[in-house]
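1. any chance you could fold what I've pasted below:
(one chain, ligands or ions: 1)
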Amino acid sequence: MKTRIVIVSSMLLFVLMLFSAPAFSQDKKEATIKIKTSAVCEQCKDRIEKSLAFEKGVKKAMLDVDTKIVTITYNPSKTTPDDLRKTISKLGYDADNVAKDKAAYAKLPSCCKKDTGK
Ligand SMILES: [Cu+2]
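-> Residues are numbered from 1 along each chain as shown. Presented below is the predicted three-dimensional model:
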């Protein structure tokens, strides 16, 4: 009788662990970061947001053209802030301390280059 209780309770514990494990890791599957970019206009916003949206691990990307800050919601187990900054840099924009890729910047439409003469 006692062994039966032990078996049942350990089964219960196992089931509990099964259910709580995904719920627990869910917390770590989402992080938010704000990255300062050198975006200029709505076109830049579109370009950066779309390309980030296709980046693995990215759930949401929203760029504020006024502040030039892009807010990204991402899965930290699939991507890192550094990878995200590199993605933005490869589009031709500065991302925090990561300088823009010059070749990509050269290909940007002229409207997206003003104000970034630094
Ligand atoms: Cu632009």
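2. show me what contacts the residue nearest the centre of the chain?
-> In the chain, the C-alpha nearest the mean C-alpha coordinate belongs to Tyr74, at 3.4 Å (C-alpha atoms, centre = their mean). Going by C-beta atoms under 8 Å, 6 or more residues apart in numbering, Tyr74 touches Glu30, Ala31, Thr32, Ile33, Gly57, Val58, Lys59, Leu84. Every C-beta, even on glycine, is put in place using the N, C-alpha and C of the backbone.
3. and with 6 Å instead?
-> Gly57, Val58 (C-beta atoms under 6 Å, 6 or more residues apart in numbering).
4. how close does it sit to Leu108?
-> To Leu108, Tyr74 is 24 Å away according to C-beta to C-beta, to the nearest Å.
5. kindly report the same for Asn97.
-> For Asn97, the distance to Leu108 equals 20 Å [C-beta to C-beta].
6. repeat that for Val65.
-> From Val65 across to Leu108, the span is 15 Å (C-beta to C-beta).
7. please apply the same query to Leu52.
-> To Leu108, Leu52 is 16 Å away according to C-beta to C-beta.
8. and what of Met62?
-> In this view, Met62 and Leu108 are 21 Å apart by C-beta to C-beta.
9. tell me which of those two has more neighbours.
-> Shown here are Met62 and Leu108; by other C-beta atoms under 10 Å, Leu108 has more neighbours (18 against 14).
10. hey, what's the residue nearest to the centre of the chain bridged with?
-> The partner list for Tyr74 in beta bridges (DSSP bridges) reads Ala31, Val58.
11. if I look at it, how far off is the ion?
-> Tyr74 is 23 Å from the ion, where distance means C-beta to the ion, to the nearest Å.
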